[in-house]
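Novice: Show me the folded form of this:
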Amino acid sequence: MRARYLTAAAVAVALVGTGGVYAAGLSGPPADPPAVAAAPTSAAPPVTAPPVTALPSSPPAVTDAGPAAAPEATDLPASAPAPPAPVSAPAAAPAAKPAEVPAVAPAGGVSPELGSRINGIIAANSAYALGVSLIDVSNGEVHNYGVKGNFVAASTAKILAASAYYHLVETGRASLTARMGASTAGVQIRQMVQQSNNDSWALILQAVGQRGITDYAASIGITYDRTVNLLTPAEMGRILQLLYTGQLLNGPHTAQLLSYMQHTNYETLIPPAVPPGIEVYHKYGLLFGNLHDASILVKDGRAYVFVVYTRGKSYADMAPRTWIIQELTRTVTAALF
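Specialist: Have a look, this model is predicted:
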């Protein structure tokens, strides 16, 4: 146990030490982007588009298991001013795409026994607010545990921002090659997701517009206001589910965004606890008392969305929460793969 906490402590120190790129004292997306954005990086390695699986026409079953939700975050930031000259909001959500590859049924699925183990870990760590969303992509079933209310989403919300901009591209209202800051919009998306760059986030949000991202989120069933940057674990899970199943973006853009969610600048939360052979696509979040990781786990045609949101007091308790996220990851992957 002591060794595990020492390892988690080392992770926490590394995260805080480099937090200037990621957190920079922000509780939500910055209102006004700086004049200079991040420099371009080399092209991302190609990633094969995932199997596209249409969701059931009726709403998926939702299992709200676990203890009663804790109070929502109280350390919310003050609202930021709206950015100037926003791009018009997306007109509608992308249409669901037909299945191209038959879904592979999971070996065991999300069982009540797994739910009990997740609840046990949450109950044993009641000093923290913990919310878990687990979605079986094969049938769309959503299983929520622990806190089901809002958390400050921190940089996990960058996936929503990226999707909103790609949607503008797909509807002819924006371009990935358009000049943005010191590079192009496409480079800024990569920097925002892979390096969690806040300057890039500000530029993308300015292009999409405050009303634009709120309307885009609403079109996919999510309530979102970028000035406070709140999401529930289930809402973050839904974003990843729709992304992976091809219901947010076209094939090339889906594959590109997923490629940015691999080999990110921090692979210290969910990824190190995942056994070999399982692909991980994820976006972490770190801001003051909020420490999150939102992932898609894939192996042999089976895919699950796995989101863990945590809220503590400050950066000082990141080490035990890092260990909790990894313990939940080991528990989930052992049961599902």
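Novice: Please count neighbours and contacts with C-alpha atoms only from this point.
Specialist: Will do.
Novice: What helix or strand is residue 283 located in?
Specialist: Using DSSP states H and E, residue 283 sits in strand 279-287.
Novice: Show me which positions of the helix or strand just after that strand end up buried.
Specialist: Downstream of strand 279-287, the first helix or strand assigned by DSSP H and E is strand 290-299. Of all the residues in strand 290-299, those buried under the rule 16 or more other C-alpha atoms under 10 Å are 290, 291, 292, 293, 294, 295, 296, 297, 298.
Novice: need the contact list for residue 125.
Specialist: The contact partners of residue 125, by C-alpha atoms under 8 Å, 6 or more residues apart in numbering, come to none.
Novice: Over to residue 281?
Specialist: Taking C-alpha under 8 Å, 6+ apart as the definition, contacts of residue 281 comprise 258, 259, 261, 262, 295, 296, 297.
Novice: Kindly report the same for residue 299.
Specialist: 277, 278, 279, 337.
Novice: Put together a markdown table for those residues, with distance to residue 251 on each row.
Specialist: Compiled in a markdown table, those are given as follows (distance: C-alpha to C-alpha, whole Å):
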| residue | distance to residue 251 |
| --- | --- |
| 277 | 24 |
| 278 | 22 |
| 279 | 18 |
| 337 | 26 |
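Novice: Can you report how many residues neighbour residue 212?
Specialist: 23 (other C-alpha atoms under 10 Å).
Novice: what pLDDT does it get?
Specialist: pLDDT, residue 212: 98.
Novice: Reformat the contacts of residue 299 as JSON lines; add pLDDT.
Specialist: Listed next are the contacts of residue 299 as JSON lines, based on pLDDT from 0 to 100:
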{"residue": "277", "pLDDT": "97"}
{"residue": "278", "pLDDT": "98"}
{"residue": "279", "pLDDT": "98"}
{"residue": "337", "pLDDT": "96"}
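Novice: Tell me the buried residues within those.
Specialist: Of those, these count as buried by 16+ other C-alpha under 10 Å: 278, 279, 337.
Novice: of all those, which comes closest to residue 184?
Specialist: residue 279 (28.9 Å; C-alpha to C-alpha).
Novice: I'd say that closest one and residue 298 touch.
Specialist: Yes: counting by C-alpha atoms under 8 Å, residue 279 does reach residue 298; the two are 5.0 Å apart.
Novice: All the strands of the stretch 51-200 of the chain, residue numbers only.
Specialist: Along the stretch 51-200 of the chain, the stretches classed as strands by DSSP state E, counting those that start in this stretch are 62-64, 129-136, 141-146, 151-152, 179-180, 183-184.
Novice: and residue 285, what pLDDT?
Specialist: 98.
Novice: nope, residue 103 is what I was after
Specialist: Residue 103 is given a pLDDT of 39.
Novice: Equivalent analysis for residue 109, please.
Specialist: For residue 109, pLDDT reads 86.
Novice: That one: how many residues sit nearby?
Specialist: Neighbours of residue 109 (other C-alpha under 10 Å): 19.
Novice: Show the contacting residues for it.
Specialist: Residues in contact with residue 109 (C-alpha under 8 Å, 6+ apart) are 136, 336.
Novice: Try it again at 7 Å.
Specialist: residue 336 (C-alpha atoms under 7 Å, 6 or more residues apart in numbering).
Novice: Okay, buried residues for stretch 265-273 please.
Specialist: 265, 266, 267, 268, 269, 270, 271, 273.
Novice: What of stretch 294-314?
Specialist: Those would be 294-298, 302-312, for stretch 294-314 by 16+ other C-alpha under 10 Å.
Novice: how about those residues, which pair is most distant?
Specialist: Applying C-alpha to C-alpha across the buried residues of stretch 294-314, the maximum distance is between 302 and 312, 32.6 Å.
Novice: you'd agree residue 326 is up against residue 273?
Specialist: Yes: at 5.3 Å, residue 326 counts as touching residue 273 under the criterion of C-alpha atoms under 7 Å.
Novice: ok, back up a step: can you give me the angle the strand holding residue 283 makes with strand 290-299?
Specialist: 180 degrees (axes from the mean of the first three to the mean of the last three C-alpha atoms, to 10 degrees).
Novice: Return the list of strands paired to strand 279-287, each annotated with direction.
Specialist: strand 290-299 (antiparallel) (DSSP bridges).
Novice: quick revisit: among the buried residues of stretch 265-273, name the ones in strands.
Specialist: The strands, defined by DSSP state E, take in nothing from the buried residues of stretch 265-273.
Novice: Same list (those) but as TSV, adding pLDDT.
Specialist: Below are those laid out as TSV (pLDDT from 0 to 100):
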residue	pLDDT
265	95
266	92
267	96
268	96
269	98
270	98
271	98
273	98
